[in-house]
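In: Quick one: sequence plus predicted model below, questions after.
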Protein chains: 2
Amino acid sequence: MEEAPWLDDDETKTWLALVSMLIRLPAALDAQLQRDAGLSHFEYQVLAGLSMSPGRTLRMSTLARFADSSLPRLSQVVARFEKRGWVRRGPDPDDGRYTLATMTDEGFAKVAAAAPGHVSEVRRLVFDSLTKAQQRQLQSIGDRVIHTIDPDGACPATIADAALGVGDS
Amino acid sequence: MEEAPWLDDDETKTWLALVSMLIRLPAALDAQLQRDAGLSHFEYQVLAGLSMSPGRTLRMSTLARFADSSLPRLSQVVARFEKRGWVRRGPDPDDGRYTLATMTDEGFAKVAAAAPGHVSEVRRLVFDSLTKAQQRQLQSIGDRVIHTIDPDGACPATIADAALGVGDS
DNA sequence: CGAAATCACTTGCACCGTTAACTGATCGCC
DNA sequence: GGCGATCAGTTAACGGTGCAAGTGATTTCG
């Protein structure tokens, strides 16, 4: 713990920039989604995950991992969605312990309506400011940090690959 | 809004990696600080800002900008700190509308005890995984994103420079 | 000089998220 | 086959955060 007591000047600036981005970017995305669609970023992520899955159906636990969510948190959000008619829940025929969440047409319409504005904001705040090289660096940096935090935990992209059939390689 | 309807495959992967980092990195930092010092990352940021300022004193509004915080949020946290004897509050002699928050020796001892473990975790999760070039890229990426979100808003680093006398040029 | 407007901050209320205890369903072991 | 253990998910209680209204101090302008 005594190896490297403090950050040097460059590291401090990098760190302050990262922390600020860590706070402001989610806040900005939440603000846009709340304003234009009445959705939090987390709610959007849940709907997006369901909309991309085959049959628009996913086990709650799989959806929770995809959305970086605890199970209680997801349970409450899905309960709200069910009340609004965006999602239906039922036991998994293969294993009664699992619960399958299925997105309705109304839910799909909701996320389809919200997506363009959100993607546009993501482009505006992130991709438009960055060079192609920086985008590659950003992905690499993100992958490394995530892997350090959770070495054997599947990242959302992997879950997307495995459960949703999205992506390649 | 119709300019670029969707993200391509590379952009999607970059985006998923960034979103995951946006969620997991703050969670990991909170977990370490909570475990080892009983502090949230936000509380640490407030204490760190005060500890670095001249006279360990700062106006509430300046501290709020530094910590990316709303004023009510900061007010409650500082009220808790005051109750624990880590901070004292009083009106600014120059302008009675401002409130000066001053860190006590006990508060300084608290943040000084928490800092090494936190910095060590920051190193472990971020800097140790990254090359020097990636660190430079990360700072540049963060600066650009922050500036896009808030073009004329001062970033914490700038506030640190101006109000705390930290850093250079 | 005094009243209205503005500014910095604090308080009250509603909502959201985490934690711990609980319900149902399946698996392991005898 | 039946009992305990484990797993998936829900529910209830607590703490924290954002928003709107309120307080106190200062500036502005007639």
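Out: Received the coordinates, thanks.
In: What about the closest residue to residue A:22 other than its chain neighbours, how many residues nearby?
Out: Nearest in space to residue A:22, with sequence neighbours left out and distances taken as CB to CB, 6 or more residues apart in numbering or on different chains, is residue B:26 at 5.6 Å. Backbone N, C-alpha and C define where each C-beta goes, glycine included. Neighbours of residue B:26 under the rule other CB atoms under 10 Å in any protein chain shown: 17.
In: Spell out which helix or strand contains residue B:26, please.
Out: Taking DSSP states H and E as the criterion, residue B:26 maps to helix B:9-37.
In: for residue A:101, same thing?
Out: Using DSSP H and E, residue A:101 sits in strand A:95-103.
In: can you list contacts of that strand?
Out: For strand A:95-103, the external contacting residues (CB atoms under 8 Å, 6 or more residues apart in numbering or on different chains) are A:47, A:50-51, A:55-61, A:63, A:78, A:86-92, A:111.
In: which parts of it are buried?
Out: A:99-101, A:103 (16 or more other CB atoms under 10 Å in any protein chain shown).
In: now stretch A:25-44
Out: Within stretch A:25-44, judged by 16+ other CB under 10 Å, the buried ones are A:25-26, A:28-30, A:32-33, A:37, A:39, A:41-44.
In: swap in stretch A:47-65?
Out: Neighbour-count burial for stretch A:47-65 [16+ other CB under 10 Å]: A:47-53, A:56-60, A:62-65.
In: Which one of the buried residues of strand A:95-103 is nearest to DNA strand D?
Out: Checking those against DNA strand D with CB to the nearest atom of the strand, the nearest one is residue A:99 at 3.6 Å.
In: For that closest one, give the beta-bridge partners.
Out: residue A:91 (DSSP bridges).
In: Could you tell me how many residues sit around residue A:89?
Out: If we define neighbours as other CB under 10 Å, then residue A:89 has 14 of them.
In: Show me the strands in chain A, by range?
Out: Using DSSP state E, the strands of chain A run over residues A:57-59, A:87-92, A:95-103.
In: could the ones you listed go into CSV alongside mean pLDDT?
Out: Listed next are the strands of chain A as CSV, based on pLDDT from 0 to 100:
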stretch, mean pLDDT
strand A:57-59, 97
strand A:87-92, 96
strand A:95-103, 96
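In: Tell me which of those lies nearest to DNA strand D.
Out: strand A:95-103 (3.6 Å).
In: could you check the angle strand A:87-92 makes with that closest one?
Out: 160 degrees (axes from the mean of the first three to the mean of the last three CA atoms, to 10 degrees).
In: Residue A:71 and residue A:61 touch, don't they?
Out: Yes: with contact defined as CB atoms under 8 Å, residue A:71 reaches residue A:61; the gap is 6.7 Å.
In: Provide a list of residue ranges in chain A with pLDDT below threshold.
Out: Per-residue confidence for chain A (pLDDT under 70) gives these ranges: A:1-4, A:152-169.
In: Name the residues of it found near DNA strand D, please.
Out: Listed as neighbours of DNA strand D in chain A under the rule CB under 7 Å from any atom of the strand: A:59-61, A:64, A:71-72, A:74-76, A:78-79, A:89, A:97-99.
In: repeat that for 6 Å
Out: By the rule CB under 6 Å from any atom of the strand, the part of chain A lying against DNA strand D is A:59-61, A:71-72, A:75-76, A:79, A:89, A:97-99.
In: Looking from DNA strand C, tell me which residue of chain A is nearest.
Out: Taking CB to the nearest atom of the strand, chain A has residue A:96 as its residue nearest DNA strand C, at 2.5 Å.
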